[in-house]
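> this is a predicted model, with the sequence first.
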Amino acid sequence: MEKAIHKNSSLLKNKNISSRKAIELTVYIVVGVILSLLFLFPIFYMIATSTKSESAYASSAGTLAMFLPDLTNFGEAVKNYGNVFSNYGIWRYAVNSFTYAVIAIVLNVLVNGLAGYVMAKLNFPGKRFLSFMIIFLIVVPVETSIIPLYSIVKIMLGLKNTASVIGVVLPASISIFNIFLFTQFFESIPQGYEEAARIDGANTLVVFFKIILPLSKPIVATVAVFCFIGVWNDYLWPTMILPRAQEGQWPLYPIQSALTTIQSIQGITTGEIMSALIVTSIPIFIIYVLAQKYIVQGFGTAGLKM
Amino acid sequence: MAVSALIIAAVFVVIFAVFAVFDVVTGKRTKEKYRIRTALTAYLMLAPAILLAFLFVLLPILYSLGYAFTDYYLLEPDNIKYIGFENFTRAFSEIASGGTLYRALINTVKFVIGVVPLQIGLALLLALFVNKPLFGSKIFKVCFFAPVVISLSVTSFLWLQILSPSRNGLLNSVLGLFGAEPRDWLRDPASAMPCIIILSAWQGCGYQMLIFLSGLSNIQQNLYEAAALDGAGAWHKFTAVTWPGLRSTFVYIIITVFIGACRILTQPMLMTGYMDHTVTLSYYMYQQGYTNRWVGYSSAVALLMTIVIGTITLIQRRVLREKN
């Protein structure tokens, strides 16, 4: 009898708990949706506007249609994106950005990887001084030296000419922090792998390319992904050193710098500007989806900087 | 210019050689063996990194120190004179007389005071919200993170349309529903900086949310269970377990967000141009050094900025760590 009562009350309690949980979940989802909308409305607006003609944009003002793509007139969306691609030639700038990013990634991995390998595995006089310099340069705030960097690159390559493309890629290919990351990672690779290769007569460079790099895919991928995002999203530096586009020539600006030019073109519509912004953002979006794992790893290493 | 670079390089080679010799000498005592072949390979493999780091990392830092005391004008690199502290007195007198540098200082302080608490507070709230193992939390996390994917220049141009002064701009048309007259948000000194603060926090806080989340995942679950056994409510759990557990994450975030905020440049540059009510310290520095080509003066401002930011960061670290 007593047991039955006990069972009953616990059942009642369970029911209470589950209904409370249901309410909690509903509140959670409602709050979550509202917050998400607060964060996503500019993006919805950007996507929606990119499908509209100027008149459709104007007539949607002040209504919910501002955030909804104009599906009734699909030709308008095609026209906006088509204009951005063919008339304003955004694909050329995208090709530029892509080229700069790929070259910077290859150099970044090679230069910093080799240095990291030496710091992790080889013993040589002067190593302690180099390690000290690495830590010192990571701690010093570098961003405030962009004007002196500009004056150095300017004197090396001349002002605003085709050679300044080198100035976009080279500074992006050295990263003291990446040397530090590579060193940390290579130190964790057991010495045995290398020794086996050395007995077979491989020299240090061959060991690096044939043994170490294939074992280090996670760190290489992390460095490559962050290098790509950095170069693709960089606006200020390329705008500073590259010459403006000239009539009839292949432009040198990367896509972010080109946005300034594109959005100030006479007679460009809001829809076209938004299409350009979306085209600029899509590669980074794809990278974030594909390389999620390495980006999360990269966040983990960001804490090391302190 | 090139000569000074060579002199600096030579000085570094000498310092380097001294340390290397020191290593070899002390190495004999500690029985550390150095092989010439290994050392040669090592330096050969280090050469590209050392060269690039010297040119693009070390030299700019040293030059920005050196230029600050000269009258270097970008188009006359062969005619540099040492002028002592003249650049600094000019900067201070510009601040004292309420010139553009003063405006830049005030705007930067405004931005930092606005964006640091907003962005970090938002990031913490969102992280706590998303950290609940409830239905939909993963989707919400992606939604809150989405703006981070967009670059700063795209963010600036996107919000330029949202804040557009025309009646059809997003904000104006929504406020127009309530009968408000359209406003030019970015030209109005009262609203320009707050707008830039809000869009910057919107763009950035998803990143700090992820860092807070990784901090939260490091807190041991049994601490919460122990607190629950002691009858702790949600708020008490937060103050007794979550907050102490997030301490080091919080210190890291506050310092990085603070430094990042002090350097704000892209948003005012692309959204308003060089205007008194939105100019920031970095923008002023850029304008003086790049547009007006006064590298010397610009470097002096940069040096002052580095000193101030560095000092504040050190104080922050002290204060925040000591409470631990």
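Done, it's in. Numbering: from 1, shown residues only, chains lettered A, B, ... in the order given.
> and whichever residue of the stretch 201-324 of chain B sits closest to chain A, how far from A:Pro42?
For the stretch 201-324 of chain B, the residue closest to chain A is B:Gly289, as judged by C-beta to the nearest C-beta, at 3.5 Å. Just so you know, the C-beta spots here come from the backbone N, C-alpha and C atoms, and that holds for glycine as well. As judged by C-beta to C-beta, to the nearest Å, B:Gly289 and A:Pro42 stand 33 Å apart.
> quick one: residues contacting A:Val279.
Residues in contact with A:Val279 (C-beta atoms under 8 Å, 6 or more residues apart in numbering or on different chains) are A:81, A:84-85, A:90, A:94, A:255.
> still on that earlier bit, between B:Gly289 and A:Pro42, tell me which one has more neighbours.
Neighbours of B:Gly289 and A:Pro42, each counted by other C-beta atoms under 10 Å in any protein chain shown, are more numerous for B:Gly289; the result is 26 against 22.
> ok, the more buried one touching B:Leu303?
No - counting by C-beta atoms under 8 Å, B:Gly289 stays clear of B:Leu303, with 12.0 Å between them.
> can you give me the helices for the stretch 1-150 of chain A?
Using DSSP state H, counting those that start in this stretch, the helices of the stretch 1-150 of chain A run over A:2-49, A:54-60, A:74-82, A:90-121, A:127-139, A:146-157.
> closest to B:Arg29 out of those?
helix A:127-139 (14.8 Å; C-beta to C-beta).
> tell me what that closest one is packed against?
Packing contacts for helix A:127-139, counted by 3 or more C-beta pairs under 8 Å, 6 or more residues apart in numbering or on different chains; DSSP states H and E, involve helix A:90-121, helix A:176-187, helix B:2-29, helix B:36-53.
> which residues sit against the last one?
Residues outside helix B:36-53 that contact it (C-beta under 8 Å, 6+ apart): A:110-112, A:114-115, A:117-118, A:122-125, A:127, A:130, A:137, A:170-171, A:173-174, A:176, A:179, A:203-205, A:208.
> still on that earlier bit, want to try a markdown table for the helices of the stretch 1-150 of chain A, with mean pLDDT as columns?
Converted to a markdown table, these look like this (pLDDT from 0 to 100):
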| stretch | mean pLDDT |
| --- | --- |
| helix A:2-49 | 80 |
| helix A:54-60 | 86 |
| helix A:74-82 | 88 |
| helix A:90-121 | 94 |
| helix A:127-139 | 88 |
| helix A:146-157 | 85 |
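> so A:Ala56 sits against A:Phe74, correct?
No - using C-beta under 8 Å, A:Ala56 makes no contact with A:Phe74, being 11.9 Å away.
> neighbour count for the two, which is higher?
More crowded of A:Ala56 and A:Phe74, by other C-beta under 10 Å: A:Ala56, with 16 against 11.
> apart from its chain neighbours, what residue comes closest to the more buried one?
A:Asp70 (5.4 Å; C-beta to C-beta, 6 or more residues apart in numbering or on different chains).
> now swap in B:Lys138 and tell me
Closest residue in space to B:Lys138, ignoring its immediate chain neighbours: B:Val130 at 8.0 Å, by C-beta to C-beta, 6+ apart.
> got the buried residues for stretch A:64-81?
Residues of stretch A:64-81 classed as buried by neighbour count (16 or more other C-beta atoms under 10 Å in any protein chain shown): A:66-67, A:69-70, A:76-77, A:79-81.
> for the residues you listed, work out which two are farthest apart.
Within those, A:Phe67 and A:Lys79 form the most distant pair, 20.8 Å apart (C-beta to C-beta).
> who in the stretch 101-250 of chain B is up against chain A?
Applying C-beta under 8 Å from any C-beta of the partner chain, we find that the stretch 101-250 of chain B lies next to chain A at B:126, B:129, B:132, B:134-137, B:139-140, B:143-144, B:146-147, B:149-154, B:157-162, B:167-170, B:173-174, B:176-177, B:202, B:206, B:210-211, B:214, B:249.
> any idea how far stretch A:267-287 is from the chain center?
The chain centre lies 16 Å from the centre of stretch A:267-287; the measure is C-alpha atoms, centre = their mean, to the nearest Å.
> before we move on, what about stretch B:13-30?
So, by C-alpha atoms, centre = their mean, the centroid of stretch B:13-30 is 37 Å from its chain's centroid.
> need the residue closest to the centroid of chain B.
B:Gly260 (1.9 Å; C-alpha atoms, centre = their mean).
> leaving out sequence neighbours, find the closest residue to it.
The shortest distance from B:Gly260 to any non-neighbouring residue, by C-beta to C-beta, 6+ apart, is to B:Gly204 (7.7 Å).
> what's the answer for A:Ile273, then?
Nearest non-adjacent residue to A:Ile273, counting by C-beta to C-beta, 6+ apart: A:Gln263, 5.0 Å away.
> repeat that for B:Leu75.
Nearest residue to B:Leu75, sequence neighbours excluded (C-beta to C-beta, 6+ apart): B:Arg293, at 6.0 Å.
> how many neighbours does the one you found have?
Considering only other C-beta under 10 Å, B:Arg293 is surrounded by 17 other residues.
> also the one 5 residues further on?
Neighbour count for B:Ser298, taken as other C-beta under 10 Å: 31.
> wait, isn't it in contact with B:Gly289?
Yes - counting by C-beta under 8 Å, B:Ser298 touches B:Gly289, with 2.8 Å between them.
> overlap in contacts, the two.
Common contacts of B:Ser298 and B:Gly289 (C-beta under 8 Å, 6+ apart): A:Ile147.
> any residue of stretch B:77-85 up close to chain A?
Yes - shown here: stretch B:77-85 in contact with chain A (C-beta under 8 Å from any C-beta) through B:Pro77.
> now the terminal residues of that stretch, how far apart.
By C-alpha to C-alpha, to the nearest Å, the extent of stretch B:77-85 from end to end equals 20 Å.
> go through it and flag the buried ones.
For stretch B:77-85, by 16+ other C-beta under 10 Å, it's B:80, B:83.
> quick check: mean pLDDT across it?
Stretch B:77-85 shows a mean pLDDT of 84.
> show residues contacting it.
Under C-beta under 8 Å, 6+ apart, the answer for stretch B:77-85 is A:151, A:155, B:1, B:69-73, B:296.
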